[in-house]
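Student: Predicted model and sequence follow; I will ask about them next.
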Amino acid sequence: MHRRAALLAAITVAAAAPAFALSPTASAESGHQSPTAQLSHQRSVQSLSSWADHLLTPRAHFTMAADGSSGRTVGGAGIPNIDSVKSTIQTYYNADSTGIASRTSSPYINQMHAILAKETKRLKALYNQSARQGKQPAIVFDADDTTLMTYDMEDGAMHFNFDPALQDVWVQGEKFPATPAMVTFVQAAQDAGFTIFGLTGRNDDQKAATVGNLQKVGYSGFTSDRFYTKWTGKGESQQPSYITCATAKCTTVEYKAGTRKHIESMGYDIALNVGDQFSDLQGGYADHTLKLPNPTYYLPSPDLPGMSEPKLSPRTHFTMQADGSSGKTEGGEGIPNIDSVKSTIRTYYNATDGIANKFTSPYIDEMTRMTSRITPALSAACALGSAAGAKPAIVLDADDTTLMTYDMEDGAMKFNYNPPLQDVWVQGQKFPATPGMVGLVNAADKAGCTLIGLTGRNDDQKAATMGNLAKVGYTGFTEPNYYTKWTGKGESQQPSYITCATAKCTTIEYKSQTRAHVEDASGGGYTVIANFGDQFSDLIGGHALVPVKLPNPTYYLP
């Protein structure tokens, strides 16, 4: 025990783990301790894992600008994890595993009913206020996720990656249900005397199908002559004279504000403008605006020159639990918008077309600072442990710990995990090294630490993974000390030291029990002084003196 106690006392690797710090004692430096000191250090070793586990929890509070710029400043842990964002959105819509929203019960339905019930009570006052101007009171409605709900297309069909061709199939097929409570609200507005207008970014070729879809789901107030769609630039579908912006550069706000100005020029007063995007509402030409919740996509547009509308700005502070449960409580505006999250992640990796910059990015900067701080302390701990005969080792996950998967996750998969495609990348050894990690890992190896690989990749991917590691410069990984997960086929079976139920073995069970095996005589009797991973599930479960969490907002594996 005195060898492990001496090692524990000397480690300053805690500089890499924000949870805690370990301080040396004079007696530990000589490798000799009193029985009381030995007992104290033994208890420290035993309690350290549970202490670390308590602190290994995902962040829940975030600051994120809608334009993605926060990726330059907040660090990887400060970016809402995209898998958690998806889970939160799916909870909000009470969507099933296929990406289909509940039509009967969800936080989204509840919020829409509450918003429109409140707005219905204002209709009479809005009408009277508008009528006093001597014009016909009107209300303008956007289409997608204002009058028609696109969730099943966005999640179930597109997996949150917009596809114009697939969108047109849905539009022409009139596949969209009404947004919750909106049919009733529009009818109440008609009954109150308002003239109803539609104004959408859908194009002229989609106009007939859109009006047909609206009628199909119960709206009676939308007519073709009062429904505005955007020109295609082909045939008779040309930019109207009342839209004065440059055709090729006409923004959403210019198009929509210009159209509202045109409506008012015909003798109407737009008492209320309703939309799910801030760009639906900016630019004026409406007495009041109503922003509806929509975290499933973000369509930004510059406001008109000289306009200042601070109330029509996206939220920047969010509370989000990693398990998606915040979708029950935070409301649509309180969920990080998935398009803004993608933009923030891409800024963090300085990515273009889904490919991360390999030379300069906030991610590289963060990893360089982290590994530069850790490497000297880790090397010293490895050297001391080796000298003390403690058989020091470090455990390293693969994906986004030693090998960087960003180009696959974004460029190839568009943030939608695809196992067959992942295997193509693994077998092709296509992954670059995680920034800073080759130097850190090789230094630890040189200083006397045994390298232990521990990944969720399977046995069929082991050879390719080790080949990839060697290809990008790692030198110390060996086949006996590289652990991959069993497939359940042939000789690839669950090992005896893994005691969880095969069909239900969690990542934490698999990894913590493997680390326990590594520390046991049967697995080499190593002292795991540091465990490196990009997922909390890589680190929870003990059997390592210091857990080191690396940043990764691109997926979440609980």
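Tutor: Yes, it's here. Residues are numbered from 1 along each chain as shown.

Student: tell me the contacts of L557?
Tutor: Going by CB atoms under 8 Å, 6 or more residues apart in numbering, L557 touches G456, T507, Q535, S537. Just so you know, the C-beta spots here come from the backbone N, C-alpha and C atoms, and that holds for glycine as well.

Student: ok, the last one touching T507?
Tutor: Okay, so that is S537. Yes - S537 is within contact range of T507, at 4.2 Å (criterion: CB atoms under 8 Å).

Student: what touches both of those two?
Tutor: The contact lists of S537 and T507 share L557, P558, where a contact means CB under 8 Å, 6+ apart.

Student: neighbour-wise, which of those two wins?
Tutor: The residue with more neighbours, out of S537 and T507, is S537; 21 against 18, by other CB atoms under 10 Å.

Student: how far is the host helix or strand of the more buried one from where the chain is centred?
Tutor: Assigned by DSSP states H and E, S537 falls within helix 536-539. Helix 536-539 sits 18 Å away from the centroid of its parent chain (CA atoms, centre = their mean, to the nearest Å).

Student: ok, residues contacting it?
Tutor: Contact with helix 536-539 is made by 52, 56-58, 397, 401, 454, 506-508, 511, 531-533, 547-549, 557-558, as judged by CB under 8 Å, 6+ apart.

Student: what about the residue nearest to the spatial centre of the chain, distance to N552?
Tutor: Nearest to the mean C-alpha position of the chain, by CA atoms, centre = their mean, lies I82 at 1.1 Å. As defined by CB to CB, to the nearest Å, I82 lies at a distance of 10 Å from N552.

Student: same question, A447
Tutor: Separation of A447 from N552 (CB to CB): 26 Å.

Student: now do S537
Tutor: Distance of S537 to N552, given as CB to CB: 12 Å.

Student: coming back round to it: between the contacts of L557, which is nearest A516?
Tutor: A516 lies nearest to T507 out of the contacts of L557, by CB to CB, at 14.7 Å.

Student: quick one: the closest one and G456 touch, right?
Tutor: Yes - using CB under 8 Å, T507 makes contact with G456 at a distance of 6.2 Å.

Student: Could you tell me the phi and psi values at T402?
Tutor: T402 adopts backbone torsions of phi -110, psi -30, taken as degrees, to the nearest 10.

Student: cool, and T289?
Tutor: phi -130, psi 150.

Student: Could you check how far the closest residue to it other than its chain neighbours is from R260?
Tutor: In this structure, T289 finds its nearest non-sequential neighbour in L281, 4.2 Å apart by CB to CB, 6 or more residues apart in numbering. Distance check for L281 against R260: by CB to CB, it reads 10 Å.

Student: And for T57?
Tutor: When T57 is compared with R260 (using CB to CB), they lie 47 Å apart.

Student: Repeat that for S105.
Tutor: 35 Å.

Student: who's more crowded, those two?
Tutor: Set side by side, S105 and R260 show more neighbours around R260, with 23 against 9, by other CB under 10 Å.

Student: Could you confirm the more buried one falls within a helix?
Tutor: Yes - counting by DSSP: H, G, I helix; E, B strand; the rest coil, one finds R260 located in a helix.

Student: give the contact list for it.
Tutor: Contacts of R260 (CB under 8 Å, 6+ apart): V140, L199, I270, N273, G283, G284, Y285, A286.

Student: now swap in T507 and tell me
Tutor: For T507, the residues meeting the contact criterion (CB under 8 Å, 6+ apart) are G456, Q535, S537, D538, L557, P558.

Student: T223 too?
Tutor: Counted by CB under 8 Å, 6+ apart, T223 has contacts V211.
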